[in-house]
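**Q** Predicted model and sequence below, questions to follow.
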Amino acid sequence: MKHQVLRGFTGAAALVALVALMELAPVAQAPVAQPPSPAPQPAPAPGRQGGAPPVGAAGRGGGAARSGANGIEMVPGRGPAGPGYTEPLGKKHVLVLGGPAGFYHMSTPKAMGTVFELGEQSNLYEADIRTDFSWVTKGQAPHNLDYYDAIVAVNITGNWPLNDQQKKDFLAFIHDDGKGFVGIHGSLDANHGTAWPEYVDMIGGEFLFHPWWVSDAPIIVEDPSFPAVRHFPKTFTLTDEMYEPRMETFSRDKVNVLLRMDDTKLDYEGRMNVRPDHDFPLAWSKMYGKGRVFYSTIGHVAENFDNPDVRTMYLEAIKWVLRRTDGSTTPHPKVN
């Protein structure tokens, strides 16, 4: 089954997807032969800083800024790859979570690989992927939320296996620290009812049903000024499984709806659990305390992560929650 899930991957995305499928299990590694010692290097010219690794060296970074070679601002490394690495000041760090506690979506590895790949291609952020929740905590070195600027939750259905302190840390990461959150598809189908109502409030609602299953969905762009959707035409069609949020926990008064299904073009014959108000939002932006939150239902169909428009949507959403772009969170009535 794994070779089917990995179909369509190349390069770094294939490696990331494979890691996700392996659930990041630790693997014993054979000793690696040490390379020969490099030839002595001449001393740096007077007045210039020497000894800093070049921009783009392998690893992760974090910590206080200092001046590197050629006057480039660098950040000493204390991130997940350990000490000793420096990177350009200002590069963001994204934690990609994709371990479902409920229904498993076959698109999950590809979605996680895409988020990783978008960071590599844009040079905007570095992504670490996990299919467990051990890093969802604060103040426990070396791997914790303090290092990250945003979380991308990919199809994490069911009740997340977090203890009470982890839940507090997760919410504080967004609400108090002003960090970002992007939810993809199945992450709306999570922590229902009394399991974790604060999560439902954070993301903006909870999954009710998908009356049209995987189908050609007629879509209307409600906020064409928002960076994650402004590249779409005013109306378009996309094949995916479009969720509808539960009326009891979703309100247009609390979010800025970006995309919705065109209710005038839907077939209601024999459909179950259809919202009586025929309002079917597909993507929205909102604030949760100091933090920015973006959610979209698009992501059930793995092939959509090859779609340039979908890739652009999620890249721009990540940029927005990282505060690299501006976009509204102001609620508004249904737009035709």
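**A** Looks like it arrived, so ask away.
**Q** Do a quick rundown of the helices in the stretch 51-200 of the chain.
**A** Assigned by DSSP state H, counting those that start in this stretch, the helices in the stretch 51-200 of the chain fall at 108-122, 164-175, 197-203.
**Q** quick one, which of those helices is packed in tightest?
**A** Comparing the helices of the stretch 51-200 of the chain by mean neighbour count (mean count of other CB atoms under 10 Å), helix 108-122 comes out on top with a mean of 24. For the C-beta atoms, the positions are set from N, CA and C on the backbone; glycine is no exception.
**Q** what about that one, average pLDDT?
**A** What helix 108-122 shows for mean pLDDT is 97.
**Q** same thing with stretch 317-329?
**A** pLDDT averaged over stretch 317-329 gives 98.
**Q** so how far is it from its chain's centroid?
**A** 13 Å (CA atoms, centre = their mean, to the nearest Å).
**Q** Just the buried positions in that stretch, please.
**A** Across stretch 317-329, burial judged by 16 or more other CB atoms under 10 Å covers 317, 318, 319, 320, 321, 322, 327, 329.
**Q** Take these and lay them out in CSV including distance to residue 196.
**A** CSV is the format used below for the buried residues of stretch 317-329 (distance: CB to CB, whole Å):
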residue, distance to residue 196
317, 23
318, 24
319, 28
320, 25
321, 20
322, 25
327, 27
329, 22
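**Q** nearest to residue 309, of the residues you listed?
**A** Distance to residue 309 across those (CB to CB) is lowest for residue 317, with 12.6 Å.
**Q** circling back to that earlier point, cross the buried residues of stretch 317-329 against helices and list the overlap.
**A** Cross-referencing those against helices under DSSP state H gives 317, 318, 319, 320, 321.
**Q** Between those, which sits nearest residue 131?
**A** For these, the nearest to residue 131 is residue 318 (19.3 Å; CB to CB).
**Q** Secondary structure element holding residue 238?
**A** strand 235-241 (DSSP states H and E).
**Q** Direction included, what does the next helix or strand along the chain from that strand pair up with?
**A** Note on strand 235-241: by DSSP H and E, the next helix or strand toward the C-terminus is strand 244-245. Partner strands and pairing direction for strand 244-245 (DSSP bridges) are strand 207-209 (antiparallel).
**Q** Give me the contact list for the helix or strand just after the partner strand.
**A** Using DSSP H and E, the helix or strand that directly follows strand 207-209 along the chain is strand 214-221. Contacts to strand 214-221, defined as CB atoms under 8 Å, 6 or more residues apart in numbering, come from residues 229-230, 232-242, 258-262, 265-266, 282, 300-301, 335-336.
**Q** what about strand 214-221, distance to the chain center?
**A** 22 Å.
**Q** Going by neighbour count, list what's buried in that strand.
**A** For strand 214-221, using 16+ other CB under 10 Å, the buried residues are 215, 217, 218, 219, 220, 221.
**Q** Quick one: mean pLDDT over that strand.
**A** Rounded mean pLDDT across strand 214-221 is 95.
**Q** Please list all residues in contact with the residue lying closest to residue 296 once chain neighbours are set aside.
**A** Closest residue to residue 296 apart from its sequence neighbours, by CB to CB, 6 or more residues apart in numbering: residue 283 at 3.9 Å. Taking CB under 8 Å, 6+ apart, we find residue 283 in contact with 228, 229, 257, 258, 259, 294, 295, 296, 297, 298, 313.
**Q** how does it look with 7 Å?
**A** By CB atoms under 7 Å, 6 or more residues apart in numbering, the contact set of residue 283 is 229, 258, 259, 295, 296.
**Q** ok but it is inside a strand, no?
**A** Yes - under DSSP: H, G, I helix; E, B strand; the rest coil, residue 283 sits within a strand.
**Q** ok, it to residue 308 distance?
**A** Relative to residue 308, residue 283 is positioned 17 Å away (CB to CB, to the nearest Å).
**Q** Also residue 99?
**A** 28 Å.
**Q** So these two - more neighbours on which side?
**A** Higher neighbour count among residue 99 and residue 308: residue 99, with 21 against 8, using other CB atoms under 10 Å.
**Q** Could you check the pLDDT of that one?
**A** With respect to pLDDT, residue 99 has a value of 81.
**Q** ok, and the closest non-adjacent residue to it?
**A** residue 131 (3.8 Å).
**Q** Residue 98 is in contact with the one you found, correct?
**A** Yes - counting by CB atoms under 7 Å, residue 131 touches residue 98, with 5.5 Å between them.
**Q** So between these two, which is more surrounded?
**A** Comparing residue 131 with residue 98 by other CB under 10 Å, the one with more neighbours is residue 98, at 26 against 21.
**Q** Pretty sure the more buried one sits against residue 128.
**A** No - contact between residue 98 and residue 128 fails when scored by CB under 7 Å: they sit 11.5 Å apart.
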